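Visitor: Got a predicted structure here, sequence first:
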Amino acid sequence: MRALLLENIHPEAVRLLEERSIEVETRKGALDEDELVAALQGVDLLGIRSKTQVTARVFAETDLTAVGAFCIGTNQIDLEAASAAGAPVFNAPFSNTRSVVELAIAEIIALARHLTDKNAALHAGVWDKSAKGSHEVRGRTLGIVGYGNIGSQLSVVAEALGMQVYFYDVVDKLALGNARRCDSLEELLSKVETVSLHVDGRPGNAGLFGAEQFDQMRPRSLFLNLCRGIVVDHEALRERLLSGHLAGAAVDVFPEEPKSAGDPFRSSLQGIPNVILTPHVGGSTEEAQQDIGRFVAGKLRDYAATGATVMSVNLPAVQADERASRTRVLHLHHNVPGVLARLNTVFGNHEVNIERQQLATRGSLGYVVTDVATPLSQPVFDELLALPETV
């Protein structure tokens with residue numbers, strides 16, 4: 001098998017795949033659609049981060065077996081097209097959580113203490129030893145928008161620093177520690193002095209935070225976005241920073257980001273005092289990237305070896321171990337009654353003895369892993385493919 005890994009994925013991923021005799025090619029930057037289609041000819045496994053878009057055309061014009069998103073989000077992948085192509089998609093929902101949380105905490109403290117301004121002044125030769133405008137974070141209120149893996153852990157760490165935490169999520173989530181759930185975004189914005197966004201990049205979240213939401217924030221509040229660039233109206237943010245309505249901001253993600261390291265970057269937020277801009281490095285620590293490389297490459301390796309789909313974001317989850325039988329058949333189908341019976345009828349008609357079988361369903365899809373004692377003839381595969389329910 002062959003794998004293509006893009007966007008500087010950690011070498012640990014290469015090591016794990018090559019241990020399974022998978023040939024690995026790596027590239028530093030992202031690829032556009034035409035480049036990706038061309039690069040994937042003859043490739044089975046694709047590994048990306050957040051910049052490469054894996055569209056329906058990519059799945060239609062290649063023979064991808066599986067895709068690994070070496071990050072949290074999967075909105076850059078057409079999951080419906082992946083499912084239709086029978087390709088599981090794996091991500092790393094937990095591996096870089098701590099790294100993002102630590103950056104958020106560091107930026108909250110830096111903004112509250114105006115460390116960016118103090119740093120710039122001292123580099124310019126100005127000694128400004130003043131406490132004016134500098135505050136401890138202890139006792140201050142933090143509002144977290146999106147209470148998933150990152151938001152909830154940020155809640156715990158911020159509370160340990162003495163902050164009072166409120167959160168809002170469209171899904172009813174269990175509050176950790178003394179965090180308090182708000183029933184609406186408006187309620188949260190009216191209560192807190194610092195707002196940190198941790199929502200996903202689904203299309204419905206585009207433009208979630210704009211002029212209306214900034215105006216609802218309390219005067220001289222702090223604002224952080226470490227989730228997705230499309231979520232925030234940067235022009236509205238710039239206006240509120242320049243007017244003094246907001247006392248500072250930290251932004252790690254942008255609506256348009258360079259494809260590769262060293263490419264030029266432009267933002268309307270550049271040059272504004274007490275604004276921290278970082279190049280999408282929330283999860284970019286050695287520890288996080290190594291763990292992401294290990295986790296996602298492990299999922300790709302296991303699927304290639306056994307058909308295991310546990311933790312796939314789009315296919316039913318089957319925990320398939322190393323096969324002891326002669327042949328393993330993986331069958332993805334539309335989730336309708338009677339498929340398993342029809343599948344086994346095909347095996348029975350060809351006198352194929354089933355040693356073990358696992359079935360899992362997820363929404364409109366079903367996935368069967370079947371171990372049989374003998375090699376299968378081509379007519380068996382032809383009949384399985386001909387079943388109307390076969391994906």
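Guide: Thanks, I have the structure now.
Visitor: Going by neighbour count, which residues of the host helix or strand of residue 117 are buried?
Guide: Element membership for residue 117 (DSSP states H and E) is helix 115-123. Of all the residues in helix 115-123, those buried under the rule 16 or more other Cβ atoms under 10 Å are 115-118. Where C-beta positions appear, they are placed from N, C-alpha and C, glycine not excepted.
Visitor: quick one: contacts of that helix?
Guide: By Cβ atoms under 8 Å, 6 or more residues apart in numbering, the surrounding residues in contact with helix 115-123 are 109-110, 127-128, 248, 273-276.
Visitor: of those residues, closest to residue 359?
Guide: residue 276 (50.2 Å; Cβ to Cβ).
Visitor: hang on, the earlier thing: I'd like the next helix or strand past the helix holding residue 117.
Guide: Next element after helix 115-123 (DSSP H and E): strand 141-145.
Visitor: what is the rounded mean pLDDT of the helix or strand following that next one?
Guide: Once the chain leaves strand 141-145, the next helix or strand it forms, by DSSP H and E, is helix 149-160. Across helix 149-160, the average pLDDT comes to 97.
Visitor: try stretch 329-349
Guide: Computed over stretch 329-349, the average pLDDT equals 96.
Visitor: before we move on, what about stretch 129-139?
Guide: 93.
Visitor: wait, what's in contact with residue 99?
Guide: 282-285, 287-288.
Visitor: list the buried ones in stretch 270-290?
Guide: 272, 274-277, 280, 282-285, 288-289.
Visitor: quick one: average confidence on that stretch?
Guide: 93.
Visitor: In PDB, list the C-alpha atoms belonging to that stretch.
Guide: Presented in PDB, the C-alpha positions along stretch 270-290 are these (Å, rounded to 0.1, in the frame of the first residue of the first chain):
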ATOM      1  CA  GLN A 270      -2.100  43.500  12.200                       C
ATOM      2  CA  GLY A 271      -0.500  46.400  14.000                       C
ATOM      3  CA  ILE A 272      -3.200  46.900  16.600                       C
ATOM      4  CA  PRO A 273      -1.900  47.200  20.200                       C
ATOM      5  CA  ASN A 274      -2.700  44.400  22.700                       C
ATOM      6  CA  VAL A 275      -3.600  42.000  19.900                       C
ATOM      7  CA  ILE A 276      -1.800  38.600  19.800                       C
ATOM      8  CA  LEU A 277      -1.700  37.000  16.400                       C
ATOM      9  CA  THR A 278      -0.400  33.400  16.100                       C
ATOM     10  CA  PRO A 279      -0.100  31.300  12.900                       C
ATOM     11  CA  HIS A 280      -2.700  28.500  13.800                       C
ATOM     12  CA  VAL A 281      -0.400  27.000  16.400                       C
ATOM     13  CA  GLY A 282      -2.900  26.100  19.100                       C
ATOM     14  CA  GLY A 283      -2.100  22.400  18.800                       C
ATOM     15  CA  SER A 284       1.400  22.800  17.500                       C
ATOM     16  CA  THR A 285       3.500  21.500  20.300                       C
ATOM     17  CA  GLU A 286       6.000  18.700  19.900                       C
ATOM     18  CA  GLU A 287       4.000  16.600  22.400                       C
ATOM     19  CA  ALA A 288       0.700  17.200  20.700                       C
ATOM     20  CA  GLN A 289       2.000  16.600  17.100                       C
ATOM     21  CA  GLN A 290       3.700  13.400  18.100                       C
END
